[in-house]
Structures are given as C-alpha cells and as structure tokens.
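> Here's a sequence, model it:
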Amino acid sequence: MSILGAGGGISLPMGDDVQVVEAVLTITNIASERLRAVLAEEAGDDLVLIISTLSGGCSGHLYDMQVTERPDDSGFQHLDIEGIQVSVHNRDSARLNGIEIDYVDTLMGGGFKINNPNADRGCGCGKSFG
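Now for the predicted structure:
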C-alpha cells in the first residue's frame, strides 16, 4: 500500500556506484500518530514502512512510502523509530539520511511530507527532489 504519491513500488539499482551510509530518520509527533493509524489498519504482524526513492518527477527523484511485510533482503537497513518499524534500502540511504517525515493537514487535504536536508532542489508539490 503506497501512502505517499503514486509510486509504482520499489525500484532496483541500475548498476550505479551507490554510497551506503547508516540512515538516521526522524518522525514528527503528528506523522507518528498518522503512521501508527495506517499500520493498525493493515493486516499483518511483520509490517514495516519502506521509504525509498524512485527516478522521476520534475526534480529528478520521487519519494515513495509503502506499508508492506518486512523485506528479508540484506540490502535494507531496518530502523525502529519510536516503535515504528522503518526499512530503507542501502541504495537510498545517502539520499534519505537525515530526513524528517511530517504530516501536514491543509484545507485542501492532508498528507505526509518529507523534509530532506540533502535535497538541493525540489518542486512545489513536495514529492520530487534533486
């Protein structure tokens, strides 16, 4: 179940040299509440939030967040952020290290927003970065 954007799933590396870092992520209180509600709605005991990036968007990369079963792949970093299980693929670790997951509620609707200190450019929708 994708909970951010219309991502088509997790993309695999294309043979590029990948810098792997130990990813550190934070989740705001309101985003934590919303994520716990999403996880509670899904059926399954070993569910995690997978955060990844996809090529595309007007700035080069798109964020993708999905609730799914914990991947067995050793290429993932598994984090426990305030009791929320999060998995980040090693190929995305440098791009996603230091992000803050937030939830914004506006008159036009609400949704998850990622604040990324690594992004040198972004677009107005907040789902694409470069």
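
> center of the protein - which residue?
For the chain, the residue nearest the mean C-alpha position is residue 51 (2.6 Å; C-alpha atoms, centre = their mean).

> which stretches of this protein form strands?
Using DSSP state E, the strands of the chain run over residues 2-4, 26-27, 47-55, 61-69, 76-81, 84-89, 100-106, 109-115, 128-129.

> nearest to residue 33, of the ones you listed?
strand 100-106 (7.8 Å; C-beta to C-beta). All C-beta spots, glycine's among them, are computed from the backbone N, C-alpha and C.

> packing partners for the closest one?
Here strand 100-106 touches strand 26-27, helix 29-41, strand 109-115, going by 3 or more C-beta pairs under 8 Å, 6 or more residues apart in numbering; DSSP states H and E.

> now the closest residue to residue 93 other than its chain neighbours: how far from residue 90?
Once flanking residues are discounted, residue 93 sits nearest to residue 23: 4.5 Å by C-beta to C-beta, 6 or more residues apart in numbering. According to C-beta to C-beta, to the nearest Å, residue 23 and residue 90 sit 9 Å apart.

> Alright, calling it a day.
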